[in-house]
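Q: this one's structure only:
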């Protein structure tokens, strides 16, 4: 019976903790005195359209190892893609405080800077930002799939084989160990409807690198063959 009671207590504590984590600390609207004021705009690429009704959630990164992030609150973009979220800065202006914040979004068909993540951005806030609008505009990319088939015709003679692709200011890639056959397919999430730049070849041997470009329509998949 004592064991059952202990289990129930632990369960209720865990449930209370989860409920607290899911509840926003601020409403993002009402703030007086010392406030952090976050504003910006969400823009589609490549159309430059302003994205409305995007839900943005604001978090404080964990201050200690194994602790959970603090959920600050949520807002949505207006018809012009603009957002505003403000909250009390009192607890975050200590010079010894760890104040790394981040934003997530709910647009499953888009990504911001990490193709497999819903994070829109990271930022730091200090006492110098109090009551001064902190402007962050985010460029969102529509998702597409780049399916790369790597197949060597013989044992690859170099130590490494690199494949890189990039769009905008973002680059991703993968490296294989050499001196073996390569025959595998890897799917990458990339940006749709814009030109992606591809380069591949033996690592550290720039003269033998291959360069190409590709445009994949949004929400579609395209196969790209690499034969080192």
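A: Thanks, I have it. Keep in mind it's a predicted model, so treat the numbers as computed, not measured. Numbering: from 1, shown residues only.
Q: Point out where the protein drops to low pLDDT.
A: By pLDDT under 70, the low-scoring segments of the chain are 1-21, 65-66, 95-98, 204-207.
Q: How is it divided into domains?
A: Split into domains by automatic domain parsing, the chain comes to 27-136, 142-226.
Q: Redo the ones you listed as JSON lines? Include mean neighbour count.
A: Every C-beta, even on glycine, is put in place using the N, C-alpha and C of the backbone. Output for the domains of the chain, formatted as JSON lines (neighbours: other C-beta atoms under 10 Å):
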{"stretch": "domain 27-136", "mean neighbour count": "15"}
{"stretch": "domain 142-226", "mean neighbour count": "15"}
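Q: and the residue nearest to residue 172 when sequence neighbours are not counted, helix, strand or coil?
A: Using C-beta to C-beta, 6 or more residues apart in numbering and skipping residues adjacent in sequence, the residue nearest residue 172 is residue 165, 6.0 Å away. What DSSP: H, G, I helix; E, B strand; the rest coil gives for residue 165 is strand.
Q: mind listing what residue 165 touches?
A: 146, 171-173, 188, 190, 196-199 (C-beta atoms under 8 Å, 6 or more residues apart in numbering).
Q: any idea how far residue 120 is from residue 184?
A: According to C-beta to C-beta, to the nearest Å, residue 120 and residue 184 sit 32 Å apart.
Q: One more: residue 127?
A: Taken as C-beta to C-beta, the span from residue 127 to residue 184 is 51 Å.
Q: cool, residue 141 as well?
A: Here residue 141 is placed at a distance of 26 Å from residue 184 (C-beta to C-beta).
Q: and if you look at residue 24?
A: Distance check for residue 24 against residue 184: by C-beta to C-beta, it reads 44 Å.
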